[in-house]
Structures are given as C-alpha cells and as structure tokens.
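1. Next input, structure requested:
(one chain, ligands or ions: 2)
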Amino acid sequence: MALLEVEDLVVQFYTENGVVRAVDGISYEIRAGETLGLVGESGAGKSVASLALLRLIESPGEIVSGEIRFRGRNVLELSADELRALRGDEIAMVFQDAGAALNPVYTVGEQIAEAIRAHEAVTDETARDRAIDLLERVGIPDPAARYSDYPHEFSGGMQQRAVIAMALSCDPALLVCDEPTTGLDVTVQAGLLELLADLARESETAIQLVTHDLGVVAELCDRVLVQYAGEIVERAPIEELYYDPKHPYTVGLLASVPRVGDGRERLTTIPGTTPDLVDPPTGCRFHPRCPYAEDVCAKHHPELVETESGAPDDGDFETHAAACLEYTGDLEDGLDYEVQVRDGANGDRHERTTSGDPR
Ligand SMILES: Nc1ncnc2c1ncn2[C@@H]1O[C@H](COP(=O)(O)OP(=O)(O)OP(=O)(O)O)[C@@H](O)[C@H]1O
Ligand code: NI
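-> Ligands and ions are numbered 1, 2, ... in the order given. Take a look at the predicted model:
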C-alpha cells in the first residue's frame, strides 16, 4: 500500500464567472520516503490539489468527488478530531510565505517548542532542547542563541528554515511543500533546496514538492507529475521525464528551463496561456497551444496511458504515462521534437528525436 493514494480527485470553485474545475480527476500515489514533484504553469491546480490533501479547501471551493487515502484511511471521511491529528502528526505543509506562518509575537524557538508539545507530552525543557536540535538540523547557525529571536530578526531564508523546522517537529510521514523557495533570492533558494534534498535523502519523510520549476524538480525529486489545466498530463521517474519527455506540454516546459552550464539564458516559453478552467478546450486541453495538434485533438480527450504500450495507465511507480493521443495511435503525423540535454559539468550533449512512426 502506498503512503498516499489520490483517486479521481475533483475540486471546484463556484465563482461569479462560473464553476472553475481547478482539479479535474487526478490520480496518483506517493510511496513512503519518496520525493514527488508536481509541476506546471501558474493556474494548473497544483496548490489546490495540495490543499485538498488536508481538506484545506475553503469556500467558494469544495472537494466534489474522488478519494484521498493516507495509510489506507479515507481522509475525506475523517472526523474533525481525526483530521486534526492527521494534520498535526502525519502530514505537514510548508507554503511559500514563511513570514505568514510564523507568529510575530512569540520567539521562533517558542513556536517550534509549542508545536512539539502540541503533539507529544514532554517537559518544557525537552521541548526546548528538541526545538534547538531542529533549528540546527535546518541549518540555523548558533541555534541555542537564535531560539530566542523573534521572527523579524530572521532573514527570509531563515524564516523559511524555521517553518520547515516546525513542520518537522511532528516527524511527519509526508511533507507537502508548495513553492517553498519562491520569492527568496537565488543563493538562499539554493541553500533551502539543499536542505530539502538532505531531508529527502536522510529521513523517512516523503515529500510532495509543488513548483513551476523543472530545474528544481530535477535536483530533488524521484518522480514527477506534470499538471496542466487541472489534469495530470504526464507522470514519470525524473530521469525519464528529463531525458525522454513524452507529452508536448512537458517538452515545452523543458525548453523553457535555462539549464546549468547552458551559456544562453533561454527565455522561450510556451506560446499562449493556461486555458480558462470554467470552459476548458474540448478534447485535449493543450491542443490550442500544441505545435503537433491535429483535428482529432480537439475532439478526443486523451486519457493517461502507458507510453510504451498505449494501455491504460496502471499507476505503477516506474510506469511512464502521458495523456496524448500519440500513444494510443490516434495521431496521423505524430510528434516530432528534439530534446537537447546538456550536462553542465562536461558539456556533454544528448540529443533525441522522437518522430511519428508511419502507421
Ligand atoms: N479561492 C479560489 N476561488 C476561486 N478560484 C480559485 C481559488 N483558488 C484557486 N482557484 C482557481 O483554481 C485554479 C488553480 O489554482 P492553483 O492555485 O491551484 O494553481 P497553481 O498551479 O498552484 O498555480 P501557481 O503556480 O500560480 O501557484 C486557478 O484557475 C484558480 O483561479
Ligand atoms: Ni500554487
């Protein structure tokens, strides 16, 4: 049994402009200890999908259907008490805005100690010692002294480290990080990503990492989900996604990642914008922006299939799955793109061309 199983999850928002299907039938699993990336452009539904895991969707939104199972328990059926326990003890979340997650009137250390005491009956002294250990673990220098600092005395990067320390205080089985480094400067981001990578490696904690940056995913994740307009359009182990992307949207995303060692700052982006989720395009939602779209793409909605066989996706962790009619043999001309990957260190260059086989 996977640690987390999400099945056919649908989340809607009821707005003046109509019903927004922010998450539209996504299914995926997370294994204990693994790091799963969730990538996609702004508005893809990544944050909504993450908030739904802990039933944090608020009005005018609602989880309409689907199942979320954590260690086999249906999260959508937990009582308020059970849900509180799940949030405090088993699943922790870290969001972009660290400042907002810290209370300005208590010291950083007190807040972490409080989080420890909230789920375990320990003495004040033990809580304090553990909080200092956690501060040290997340890379705060001189943690015993910094324990007594107020949040405003911490830099943005240190605040985010403190928030991660707080999230780790309950030793969660799953840590959900939504753009944890956005808004921080580049060197600080790099340090935080290193911290997350260490956590991913050393602890048993599984991580769901939401980001719009495939470069970050490449650094940290074991597997990736690519989300587009509320749906998952590709899922693969990281190496495969990076070296052998199967969905044209992923190819577009990769083309817009400036790579380490690539002299040019590539500023290519995918033409067009994310569709309106009140009235998404028919057929494949990506077809209006897809360079390989054919008539059939506007008519048939592609399901997630195993790219090798075209068989319905079995959800297996090693399976490379994509939602494109190419893999069910429904495209006439097929896909035709080149993937260039340059590994910074040795200037090594891999090129691959995928072209439609004549059928
Ligand atoms: N409170 C809300 N009310 C109405 N619509 C909402 C609300 N929250 C999210 N949405 C809609 O849900 C969709 C998905 O939003 P979400 O924040 O999950 O995207 P995202 O992939 O996290 O994007 P970003 O990278 O910008 O964070 C968007 O179309 C958004 O407008
Ligand atoms: Ni978001």
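
2. got the residues of this structure near ligand 1?
-> Residues of the chain lying close to ligand 1 (Cβ under 6 Å from any ligand atom) are 13, 15, 20, 22, 40, 42-48, 60-61, 212, 277. In short, each C-beta sits where N, CA and C put it, glycine included.

3. are any of these buried, and which?
-> Among the residues of the chain next to ligand 1, those buried by neighbour count (16 or more other Cβ atoms under 10 Å) are 13, 20, 22, 40, 43-48, 61, 212, 277.

4. quick one on the thing from earlier: nearest to Leu192 among the residues of the chain next to ligand 1?
-> Nearest to Leu192, judged by Cβ to Cβ, of these is His212 at 16.1 Å.

5. so where do the helices sit in the chain?
-> For the chain, the helices defined by DSSP state H cover 46-53, 80-85, 98-101, 108-119, 124-137, 143-146, 156-168, 186-202, 214-220, 238-243, 248-255.

6. Just put the ones you listed in CSV and tack on mean pLDDT.
-> Compiled in CSV, the helices of the chain are given as follows (pLDDT from 0 to 100):
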stretch, mean pLDDT
helix 46-53, 97
helix 80-85, 93
helix 98-101, 82
helix 108-119, 93
helix 124-137, 96
helix 143-146, 97
helix 156-168, 93
helix 186-202, 86
helix 214-220, 87
helix 238-243, 94
helix 248-255, 91
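
7. Could you dump those helices into TSV with distance to Asp313 added?
-> TSV is the format used below for the helices of the chain (distance: least, Cβ to Cβ, whole Å):
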stretch	distance to Asp313
helix 46-53	17
helix 80-85	30
helix 98-101	36
helix 108-119	37
helix 124-137	38
helix 143-146	45
helix 156-168	31
helix 186-202	25
helix 214-220	20
helix 238-243	14
helix 248-255	15
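
8. wait, which of those helices is closest to Cys284?
-> With respect to Cys284, and counting by Cβ to Cβ, the nearest of the helices of the chain is helix 248-255 at 9.3 Å.

9. From the chain's centroid, how far away is the closest one?
-> The chain centroid and the centroid of helix 248-255 are separated by 17 Å, computed with Cα atoms, centre = their mean, to the nearest Å.

10. on contacts alone, who are the packing partners of that helix?
-> strand 223-228, strand 231-237, strand 336-343 (3 or more Cβ pairs under 8 Å, 6 or more residues apart in numbering; DSSP states H and E).

11. and it, which residues are buried?
-> In terms of neighbour count (16+ other Cβ under 10 Å), helix 248-255 has its buried residues at Pro248, Tyr249, Thr250, Val251, Gly252, Leu253, Leu254, Ala255.

12. circling back: mind putting the helices and strands packed on helix 248-255 in CSV, mean neighbour count and mean pLDDT included?
-> Listed next are those as CSV, based on neighbours: other Cβ atoms under 10 Å; pLDDT from 0 to 100:
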stretch, mean neighbour count, mean pLDDT
strand 223-228, 26, 97
strand 231-237, 24, 98
strand 336-343, 14, 72
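
13. Ile207 is nearest to which of those?
-> Closest of the helices and strands packed on helix 248-255 to Ile207 is strand 223-228, at 11.1 Å (criterion: Cβ to Cβ).

14. And the closest one, what does it pack against?
-> Judged by 3+ Cβ pairs under 8 Å, 6+ apart, the packing partners of strand 223-228 are strand 18-30, strand 35-39, strand 231-237, helix 238-243, helix 248-255.

15. From the rest of the structure, what touches the longest one?
-> Spelled out, that is strand 18-30. 2-14, 36, 45, 48-49, 52, 61, 66, 174, 206, 208, 225, 227, 229-232, 235, 277-280, 315, 317 (Cβ atoms under 8 Å, 6 or more residues apart in numbering).

16. Without its sequence neighbours, what residue ends up closest to the closest residue to ligand 1 within the stretch 251-359 of the chain?
-> Among all residues of the stretch 251-359 of the chain, Leu277 sits closest to ligand 1, at 4.7 Å; criterion: Cβ to the nearest ligand atom. Once flanking residues are discounted, Leu277 sits nearest to Val20: 4.7 Å by Cβ to Cβ, 6 or more residues apart in numbering.

17. For stretch 301-311, measure first residue to last.
-> End-to-end distance for stretch 301-311, by Cα to Cα, to the nearest Å: 15 Å.

18. mind starting the numbering at 375 from now?
-> Yes, from this point I'll number from 375; that puts the last item at stretch 675-685.

19. who's in contact with Ala487?
-> By Cβ under 8 Å, 6+ apart, the residues touching Ala487 are Asp498, Ala501, Arg502, Arg504, Ala505.

20. circling back to that earlier point, please convert the buried members of the contacts of strand 392-404 into PyMOL selection syntax.
-> The buried subset of those, as determined by 16+ other Cβ under 10 Å, is captured in PyMOL by this line:
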select buried, resi 376+377+378+379+380+383+384+385+386+387+410+419+422+423+426+435+440+548+580+582+599+601+603+604+605+606+609+651+654
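
21. and which of the contacts of Ala487 is nearest ligand 1?
-> Nearest to ligand 1 among those is Ala505, at 30.4 Å by Cβ to the nearest ligand atom.

22. Thr656 is in contact with Lys673, isn't it?
-> Yes: between Thr656 and Lys673 there is a contact under Cβ atoms under 8 Å: 6.9 Å.

23. show me what contacts the residue of the stretch 625-733 of the chain closest to ligand 1?
-> Per Cβ under 8 Å, 6+ apart, neighbours of Leu651: Val394, Arg395, Ala396, Asp398, Gly417, Gly419, Ala603, Gly604.

24. Try it again at 10 Å.
-> Residues in contact with Leu651, defined by Cβ atoms under 10 Å, 6 or more residues apart in numbering, are 386-387, 389, 391-398, 417-419, 603-604, 659.
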